[in-house]
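Undergrad: next one to model:
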Amino acid sequence: MMWMAEYYVAAVMLLALCVYLLTGGADFGSGILDLLCAGPRASKQRQLISKTLAPVWEANHVWLILIIILLFVCFPSVFSTVSIVLHIPITIMLVGITLRGAAFIFRTHDLDTTHVQRRWNLLFAIGSIITPFMLGVCLGAVASGNLPTEPYLGGSFYDYFIGPWLQRFPMMIGSLTLLLCAFLSSLYLTPRAHNEELKQDFRHRAFGFAILIALAAFITLYTAKSDAPLIYNQLLYQTWSLGFQVVMAFIAVSVFIALFLKQDLLAKLTGMAQAVCMISGWALAQFPYLIVDSHTILQSAASPSILIPVLI
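TA: Numbering: from 1, shown residues only. Just a heads-up that it's a prediction; the model follows:
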């Protein structure tokens, strides 16, 4: 029963989300790092970021598009609920994607003066911050079990369209997603730097973001105890939980060791593994729900006559 078409589609969506974080998420992280560029090598840091982003800067959104299309076709009731109840954070996220892309291309071709470039740098950073943050907020709201299941019938606008996501747990997931993107970007940029001083700048940033991720993860788990009890109980009290926590701890420590030893490739690979484990842990904790407490994978899926051709 576990290997039904519904679960295969859900697995593809999870895989696409992992790839989107490892590619597009790191692109957003570059915008965050762009805002933090400082010191005598600030211009060189921004040059490295721009050079790294140039070949792929918006192409990685194809993975997000894949997730949206699969949700729309294969789990229409989930798509309907999410796109209506969470339309405010989703709209902000889309504005951030557009703002970020426009700022990146305009700063490349606009006047090379300080005040002009500062304006585009700021817009690029703002777009890079609000997009992954709002994506994380949406994921946190879905996992919290607070999304309304009844159609909007003229009740409180706040309770239906704002309250489900403007809470502690979704905000913490948004912050965790933001930190993870900046962390991945730091790891990706380190081996691309052309001198040791520039490499060390990004190593320091990766080390700092790794510490912040650890702190944010503990705070998020503590928040989940009251705000997302299913996630909390699954991550701590299931048969697979202990093994998962041990693996996560091993990978996190490996990242710190690799950064300390200046093993940039190893730090990059272990950082990627850490990001994938965090997303996979969320998916395992939420299973079998797509929207906690209201929409399971099986109950919300389209018919096999739709799912099987989509898989093929």
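Undergrad: how far off centre is the host helix or strand of Lys51?
TA: Using DSSP states H and E, Lys51 falls within helix 42-53. In terms of C-alpha atoms, centre = their mean, to the nearest Å, the centre of helix 42-53 is found 22 Å from the chain centre.
Undergrad: just checking, what packs against the helix or strand following that helix?
TA: As assigned by DSSP H and E, the chain's next helix or strand after helix 42-53 is helix 62-74. The contact analysis (3 or more C-beta pairs under 8 Å, 6 or more residues apart in numbering; DSSP states H and E) places helix 62-74 against helix 5-20, helix 76-85, helix 304-311. In short, each C-beta sits where N, CA and C put it, glycine included.
Undergrad: with just CA atoms, put helix 62-74 into CSV.
TA: What follows is helix 62-74, C-alpha atoms only, in CSV (Å, rounded to 0.1, in the frame of the first residue of the first chain):
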residue,chain,number,x,y,z
VAL,A,62,12.0,25.6,-12.6
TRP,A,63,12.0,23.3,-9.5
LEU,A,64,9.5,25.5,-7.7
ILE,A,65,7.4,25.5,-10.9
LEU,A,66,7.5,21.7,-11.0
ILE,A,67,6.3,21.5,-7.4
ILE,A,68,3.4,23.9,-8.0
ILE,A,69,2.3,22.0,-11.2
LEU,A,70,2.4,18.6,-9.5
LEU,A,71,0.4,20.0,-6.6
PHE,A,72,-2.2,21.6,-8.9
VAL,A,73,-2.6,18.4,-11.0
CYS,A,74,-2.1,15.6,-8.5
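Undergrad: how about it: buried residues?
TA: For helix 62-74, the neighbour count (16 or more other C-beta atoms under 10 Å) marks Trp63, Leu64, Leu66, Ile67, Ile68, Leu70, Leu71, Cys74 as buried.
Undergrad: ok, back up a step: indicate which one of the helices and strands packed on helix 62-74 is closest to Phe183.
TA: Closest to Phe183 of the helices and strands packed on helix 62-74 is helix 5-20 (C-beta to C-beta; 15.1 Å).
Undergrad: which residues in this protein form strands?
TA: For the chain, applying DSSP state E gives strands covering 289-291, 295-296.
Undergrad: how about CSV for the ones you listed, with mean neighbour count, mean pLDDT and distance to Thr98 added?
TA: Formatted as CSV, these follow (neighbours: other C-beta atoms under 10 Å; pLDDT from 0 to 100; distance: least, C-beta to C-beta, whole Å):
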stretch, mean neighbour count, mean pLDDT, distance to Thr98
strand 289-291, 22, 94, 27
strand 295-296, 19, 92, 29
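Undergrad: could you dump those strands to JSON lines with distance to Ile308?
TA: Formatted as JSON lines, the strands of the chain follow (distance: least, C-beta to C-beta, whole Å):
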{"stretch": "strand 289-291", "distance to Ile308": "19"}
{"stretch": "strand 295-296", "distance to Ile308": "19"}
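Undergrad: need the contact list for the closest residue to Thr149 other than its chain neighbours.
TA: Distances taken as C-beta to C-beta, 6 or more residues apart in numbering put Ser294 closest to Thr149, at 4.6 Å, once the chain neighbours are dropped. Contacts here follow C-beta atoms under 8 Å, 6 or more residues apart in numbering; on that basis Ser294 touches Thr81, Gly145, Leu147, Thr149.
Undergrad: mind running it again at 10 Å?
TA: Counting by C-beta atoms under 10 Å, 6 or more residues apart in numbering, Ser294 makes contact with Ser77, Val78, Thr81, Val142, Gly145, Asn146, Leu147, Pro148, Thr149, Ser300.
Undergrad: likewise Thr98?
TA: Contacts of Thr98 by C-beta under 10 Å, 6+ apart are Glu58, Gly127, Thr131.
Undergrad: of those - the most surrounded one?
TA: Thr131 (29 neighbours; other C-beta atoms under 10 Å).
Undergrad: can you give me the pLDDT of the nearest residue to that residue once chain neighbours are set aside?
TA: Nearest residue to Thr131 in three dimensions, chain neighbours excluded: Gly96, at 3.6 Å (C-beta to C-beta, 6+ apart). On pLDDT, Gly96 comes in at 91.
Undergrad: ditto for the one 4 residues further on
TA: According to the prediction, Arg100 has pLDDT 84.
Undergrad: and Asp112, by the same measure?
TA: 64.
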